[in-house]
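1. got a predicted structure here, sequence first:
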Amino acid sequence: MFSPLPSAKAMVPFVSVDNMMRLVHHLGIETVLAELTDTIEADFRRWESFDKTPRVASHSRDGVIELMPTSDGRVYSFKYVNGHPKNTAEGLQTVTAFGLLAEVSTGYPALLTEMTILTALRTAATSAMAARHLAPKGARTMAMIGNGAQAEFQALAMKAVCGIDTIRLYDIDLRATEKAARNLDGSGLQILSCRSAQEAIEGAEIVTTCTADKQFATILTDNMVGAGVHINAIGGDCPGKTELHRDILKRSDVFVEYPPQTRIEGEIQQMAPDFPVTELWKVVTGEAQGRRDARQITLFDSVGFAIEDFSALRYVRARLPGTDFYQNLDMIADPDDPRDLFGMLLRAKENEETI
Ligand SMILES: NC(=O)c1ccc[n+]([C@@H]2O[C@H](COP(=O)([O-])OP(=O)(O)OC[C@H]3O[C@@H](n4cnc5c(N)ncnc54)[C@H](O)[C@@H]3O)[C@@H](O)[C@H]2O)c1
């Protein structure tokens, strides 16, 4: 029988930007960051059960558009994400994203969601997970170099997960630092605005670099980095786009997400293809050592990997039932007879004409 309304099977839950913000505030941002950190860590623990591939990147003069797929054999996910450092000058964001989860058993989508906010949350949670294993014990102060869209998320995740209580901000654009300081006011963090990267890293046990530039940049030079710090390098995440002087890498123990992707995109693109790195998942499982001693420089060469997005998507999916933080989208054609797709199209026309 012809049914003009989409069936339940046609519907895919969709989380808009507005609903993502409502969900985050409903749960509390620090709770979300802490729970996301644990969710990502749980998936890093079962790293070997995932399909893995370097992300598929389409580069242009202005930026990059990337697809990031993975699957654990039961659930599949992908994220669409861009990186366009010139965008902010045009009133657009550097990074925007959306993503999807699907059931492997049927191939049917199970969730479609905005991921611009979710990417900022998951990137911060991944940084916090790495710092939990690599930062010096009792670290309380973080330098935050690059005070753009990701900055406050990074600061709050380090507070919620690692107990950071002081943030030293620096950006080449003073307005970005003022914005971050304003947004973090009342967060419980002590905030200091600095006039140079050098000033920002004074006394910091964790140094986060989170700048955006479409070229090799030197946010940190070798002489700026003292013994014992943990560097959380977020911004160098594309071929030709790095933040650290290569001499820093030579003095550091470098930890990465997925080497085949990081060797193309991360700080280590500056080094030989066999430059030694440790995979972060092995630190999480205890197979490899994280921080060994108080003088060691640890470096998380973060580029962002698909499994972190998978974790973030499954986290959001688990929190939706019983809430109104989503809308159902009529996304999947669902003819009464699965083979009669064309008939469904014809009947829709007849229905239009009788209205
Ligand atoms: N590793 C990951 O998983 C991951 C995830 C998301 C974003 N990113 C990357 O992180 C970077 C930051 O992203 P965003 O969304 O915050 O970008 P954004 O454009 O909002 O902010 C970048 C900030 O860096 C500042 N900056 C540029 N050059 C600088 C310099 N030399 N010294 C100090 N500050 C400088 C800019 O003024 C700007 O305020 C981007 O490169 C993005 O691609 C990485």
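-> Looks like it came in fine.
2. ok, the residue of the stretch 201-350 of the chain found nearest the ligand - contacts?
-> Relative to the ligand, the nearest point of the stretch 201-350 of the chain is residue 304 (2.6 Å; C-beta to the nearest ligand atom). Heads up, the C-betas are built off the backbone N, CA and C, glycines and all. The contact partners of residue 304, by C-beta atoms under 8 Å, 6 or more residues apart in numbering, come to 68, 81, 119, 123, 126, 237, 257.
3. same thing with residue 65?
-> Residues near residue 65 by C-beta under 8 Å, 6+ apart: 57-58, 80-82.
4. what's across from it in the sheet?
-> Beta-bridge pairing of residue 65 under DSSP bridges involves residue 58, residue 82.
5. look up how far residue 310 lies from the residue at minimal distance from the centre of the chain.
-> Centroid-nearest residue in the chain, with C-alpha atoms, centre = their mean: residue 123, separated by 2.9 Å. From residue 123 over to residue 310 the distance is 14 Å, taken as C-beta to C-beta, to the nearest Å.
6. where does this protein dip in pLDDT?
-> Filtered on pLDDT under 70, the chain yields the residue ranges 1-4.
7. could you pull up phi and psi at the closest residue to residue 261 other than its chain neighbours?
-> Ranked by C-beta to C-beta, 6 or more residues apart in numbering and with sequence neighbours excluded, the top spatial neighbour of residue 261 is residue 54, at 3.8 Å. The phi/psi pair for residue 54 (degrees, to the nearest 10) reads phi -60, psi 150.
8. looking at the stretch 1-150 of the chain, what residue ends up closest to the ligand?
-> residue 148 (1.7 Å).
9. I figured residue 198 hits residue 224, correct?
-> Yes - counting by C-beta atoms under 8 Å, residue 198 touches residue 224, with 5.9 Å between them.
10. compare those two (neighbour count), which wins?
-> Ranked by neighbour count (other C-beta atoms under 10 Å), residue 198 and residue 224 place residue 224 first, with 20 against 14.
11. which parts of the chain sit against the ligand?
-> Listed as neighbours of the ligand in the chain under the rule C-beta under 6 Å from any ligand atom: 83, 85, 88, 94-95, 119, 123, 145-150, 171-173, 176, 210-213, 217, 219, 234-235, 237, 302-304.
12. can you show me the strands along the stretch 51-200 of the chain?
-> For the stretch 51-200 of the chain, the strands defined by DSSP state E, counting those that start in this stretch cover 56-59, 64-71, 75-83, 97-103, 109-114, 141-145, 166-170, 190-193.
13. using CSV, write out every CA atom in the lengthiest helix in the chain.
-> Ordering each helix of the chain by length in residues (DSSP state H) puts helix 116-134 first. Output of helix 116-134 as CSV, limited to C-alpha atoms (Å, rounded to 0.1, in the frame of the first residue of the first chain):
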residue,chain,number,x,y,z
THR,A,116,32.8,21.4,13.7
ILE,A,117,32.2,21.7,17.4
LEU,A,118,32.7,17.9,17.9
THR,A,119,36.1,18.1,16.2
ALA,A,120,37.3,20.8,18.5
LEU,A,121,36.1,18.7,21.4
ARG,A,122,37.7,15.5,20.2
THR,A,123,40.9,17.2,19.3
ALA,A,124,41.1,18.6,22.8
ALA,A,125,40.2,15.3,24.3
THR,A,126,42.9,13.5,22.3
SER,A,127,45.5,16.1,23.4
ALA,A,128,44.4,15.5,27.0
MET,A,129,44.6,11.7,26.6
ALA,A,130,48.2,12.1,25.3
ALA,A,131,49.2,14.5,28.0
ARG,A,132,47.7,12.2,30.7
HIS,A,133,50.4,9.7,29.6
LEU,A,134,53.2,12.0,28.5
